[in-house]
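Novice: Sequence plus the predicted model coming up.
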Amino acid sequence: MISIYGKSLDHEKASNLVQEMQMKGIQPNAITYSTIISFWGKAGKLDHAAKLFQKLRESGVEIDPVLYQTMIVVYERAGLVANARRLLHDLKHPKNMPKDTAIKILANSGRVEEAVWVFRQVVKEGEVKELSVYGSMIELFSRNWQHKNVVEVFNEMHERGFFPDSKTIATVLTLNAYGKLREFDKASALYSEMEEEMCVFTDGVHFQMLSLLGMKGDFDEVDRLIEKLSKDPEIDKKELRLVAASLYERANRLDEASQIYDRIRNSDYITDTLEAS
């Protein structure tokens, strides 16, 4: 309902609904407060937004990253650059929140310089406690095409005993960064090392490795990996064939690509026939 009132620009009703929640003992969460702050900002009620944000900061509760990001955006949209910078300065020198949280806020807001500064300080002091902090920095560098930095952060993370599982986007991004840097051997070494450590990959990681081998032009390794993945019952075989066909197609090996596409069509035909019967 708060979101509905906000979209209809009925900000007073949205605010009243929050007060009603509190009177009934229901404590609004960070998303609720963030929504209200955003609505007030869009309605030009910056004083309301700023007062609510300051009240939350003074309450002693840990400010959710979303709230900080929302308030910074509200200030910037209103042209209050100094206010936004003040919040960024608070994040750069966090006193009332964990530095890990400050890094994630800055990274998710795309603040490269500030995020890097805090991250370096935290790493130097040995205060990084969460894998997600490294993941945030890797995503930030990747979004800004800073592939060398992606690899550096990944290596640093690995050296300090943090190792991503297959669900961590850092893995695919790092393999992709090696590809952008054309450091294919390092990508292969990372892939093999993770396999040896019994890391369970998503299909996307396998397919990323296939793409890198194709970029390298090492089709002996491409064929070897395709054969290996074809025997894995967990792999989506149709998707594997599509990836393989596109690799051969890009390498102008059209006969091999055509054969794979034929197999995909035949497989679909057999499946459709079985379902029809």
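Specialist: That came through, no problem. It should be emphasised that the depicted structure is a prediction, and the values quoted were computed from it without experimental measurement. Residues are numbered from 1 along each chain as shown.
Novice: Contacts for whichever helix or strand Val222 is part of, please.
Specialist: Take DSSP states H and E as the rule and Val222 turns out to sit in helix 219-230. Residues outside helix 219-230 that contact it (Cβ atoms under 8 Å, 6 or more residues apart in numbering): 188, 206, 209-210, 213-214, 235, 237, 240, 244, 247-248, 251, 253. Quick note: C-beta positions are derived from backbone N, CA and C, even for glycine.
Novice: What score does Asn16 have for pLDDT?
Specialist: As predicted, Asn16 sits at a pLDDT of 56.
Novice: Correction: the previous question concerned Gly25.
Specialist: So, for Gly25, pLDDT stands at 54.
Novice: likewise the one 10 residues further on?
Specialist: You'll see Thr35 listed with a pLDDT of 76.
Novice: measure it to Thr70 for me?
Specialist: Per Cβ to Cβ, to the nearest Å, Thr35 is found 8 Å from Thr70.
Novice: all helices in the stretch 151-277 of the chain, in order from the N-terminus.
Specialist: Listed in chain order, the helices of the stretch 151-277 of the chain (DSSP state H, counting those that start in this stretch) span 169-180, 184-196, 203-216, 219-230, 237-250, 254-276.
Novice: Turn those helices into JSON lines, columns for distance to Leu80 and mean pLDDT.
Specialist: As requested, those are arranged in JSON lines below (distance: least, Cβ to Cβ, whole Å; pLDDT from 0 to 100):
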{"stretch": "helix 169-180", "distance to Leu80": "33", "mean pLDDT": "70"}
{"stretch": "helix 184-196", "distance to Leu80": "44", "mean pLDDT": "86"}
{"stretch": "helix 203-216", "distance to Leu80": "41", "mean pLDDT": "90"}
{"stretch": "helix 219-230", "distance to Leu80": "53", "mean pLDDT": "92"}
{"stretch": "helix 237-250", "distance to Leu80": "48", "mean pLDDT": "92"}
{"stretch": "helix 254-276", "distance to Leu80": "56", "mean pLDDT": "69"}
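Novice: So for Val122, which of those sits nearest?
Specialist: helix 169-180 (17.0 Å; Cβ to Cβ).
Novice: Which helix or strand contains the closest residue in space to Asn83 that isn't next to it in sequence?
Specialist: Among residues not flanking Asn83 along the chain, Tyr75 sits closest, at 4.3 Å (Cβ to Cβ, 6 or more residues apart in numbering). In this structure, Tyr75 sits in helix 65-77 according to DSSP H and E.
Novice: now for that helix, which elements pack on it?
Specialist: Helix 65-77 sits against helix 30-42, helix 46-58, helix 81-92, helix 99-108, with contacts defined as 3 or more Cβ pairs under 8 Å, 6 or more residues apart in numbering; DSSP states H and E.
Novice: what separates the strand or helix carrying Asn149 from the chain centre, distance-wise?
Specialist: Asn149 belongs to helix 147-159 when elements are defined using DSSP H and E. Relative to the centre of its chain, helix 147-159 is centred 16 Å away, using Cα atoms, centre = their mean, to the nearest Å.
Novice: now swap in stretch 174-190 and tell me
Specialist: That offset, for stretch 174-190, works out to 19 Å (Cα atoms, centre = their mean).
Novice: Could you list the buried residues of it?
Specialist: For stretch 174-190, a neighbour-count test (16 or more other Cβ atoms under 10 Å) marks Thr174, Leu175, Asn176, Ala177, Tyr178, Gly179, Glu183, Phe184, Lys186, Ala187, Ser188, Leu190 as buried.
Novice: need the contact list for the second one.
Specialist: For Leu175, the contacting residues are Ala187, Leu190, Tyr191, Val205, Gln208, Met209, Leu212, taking Cβ under 8 Å, 6+ apart as the criterion.
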